[in-house]
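1. return atomic coordinates for the entry below.
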Amino acid sequence: MFSYTVDDTISLKLIELSDANSIYELVDQSRTYLRQWLPWVDGTTKVADSIDFIRACQKAYVEQIGMFTVIMYNGKIIGTASYNSLDWRNKIVYIGYWLAPDYQGQGIMTKVVKALTTYAFEELQFNRVDIRAATSNVKSRSIPERLGFIYEGTVRDAEWLYDHYVDHAIYGVLARDWQRNMAGMMMQGRADVTVD
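-> Residues are numbered from 1 along each chain as shown. Predicted coordinates for the structure are as follows:
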């Protein structure tokens, strides 16, 4: 069972069926905000939908094609962060994430993404980490930018979001660049994520 301590207050754990109620309640409370960015929100109308989602996540984990975690803050679920896709042949991982609005702006997701990126390179031995975000989602885009990912372009009409298409900004970082980025942050006193 995967679990990862990011710092004294933040940890990640593999998503479990016992998380279904908490995840559904969090989605329901954050519905208006999340719907701006995520295409699955309208399809999550009851706890059973969260159970179905978790089962799909567990299947992806067993098949080693994805890894979906809940973000724990002082023991409470506040969002999810995932390897949405693991491309073992090309050694590329695709990270996705969302966080309840009440917990945004505190650096939590930056620490989580930093930890997942470090884990992908150091433990899984991947070569590349990709993140996609809607071009208009400034908060989501700021995370890879802050961590030194390279903006590599825009995919036009990348996703159908209820009644319109949205463009996606693509960010990537290579293992060799990540090591330099982290060394630079350490020199500047900005390495605020510990790896267990």
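2. how about the helix or strand bottoming out on mean pLDDT in the chain: buried residues?
-> For the chain, the helix or strand with the lowest mean confidence is helix 175-187, at a mean of 81 (criterion: mean pLDDT, DSSP states H and E). Buried residues in helix 175-187, counted by 16 or more other Cβ atoms under 10 Å: 175, 178, 181, 182, 185. All C-beta atoms are positioned from the backbone trio N, CA, C, and that covers glycine.
3. nearest to residue 168, of those?
-> Checking the buried residues of helix 175-187 against residue 168 with Cβ to Cβ, the nearest one is residue 178 at 21.5 Å.
4. does the closest one really touch residue 119, like I thought?
-> No - if you go by Cβ atoms under 8 Å, residue 178 and residue 119 don't touch, sitting 11.2 Å apart.
5. report the angle between the helix or strand residue 157 falls within and helix 175-187.
-> Using DSSP states H and E, residue 157 sits in strand 150-161. Interaxial angle, strand 150-161 versus helix 175-187 (axes from the mean of the first three to the mean of the last three Cα atoms, to 10 degrees): 110 degrees.
6. strand 150-161 - contacts with which helices or strands?
-> strand 128-134, strand 164-174 (3 or more Cβ pairs under 8 Å, 6 or more residues apart in numbering; DSSP states H and E).
7. the longest one: partners in the sheet, and parallel or antiparallel?
-> What that stands for is strand 164-174. Paired strands of strand 164-174, with direction, are strand 128-134 (antiparallel), strand 150-161 (antiparallel) (DSSP bridges).
8. any chance of the ones you listed in CSV with mean neighbour count and mean pLDDT as columns?
-> Converted to CSV, the strands paired with strand 164-174 look like this (neighbours: other Cβ atoms under 10 Å; pLDDT from 0 to 100):
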stretch, mean neighbour count, mean pLDDT
strand 128-134, 22, 99
strand 150-161, 12, 97
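9. okay, those in JSON lines with distance to residue 108 next?
-> Shown next, in JSON lines, are those (distance: least, Cβ to Cβ, whole Å):
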{"stretch": "strand 128-134", "distance to residue 108": "16"}
{"stretch": "strand 150-161", "distance to residue 108": "22"}
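10. for residue 144, find the nearest of those.
-> Nearest to residue 144, of those and by Cβ to Cβ, is strand 128-134 at 4.6 Å.
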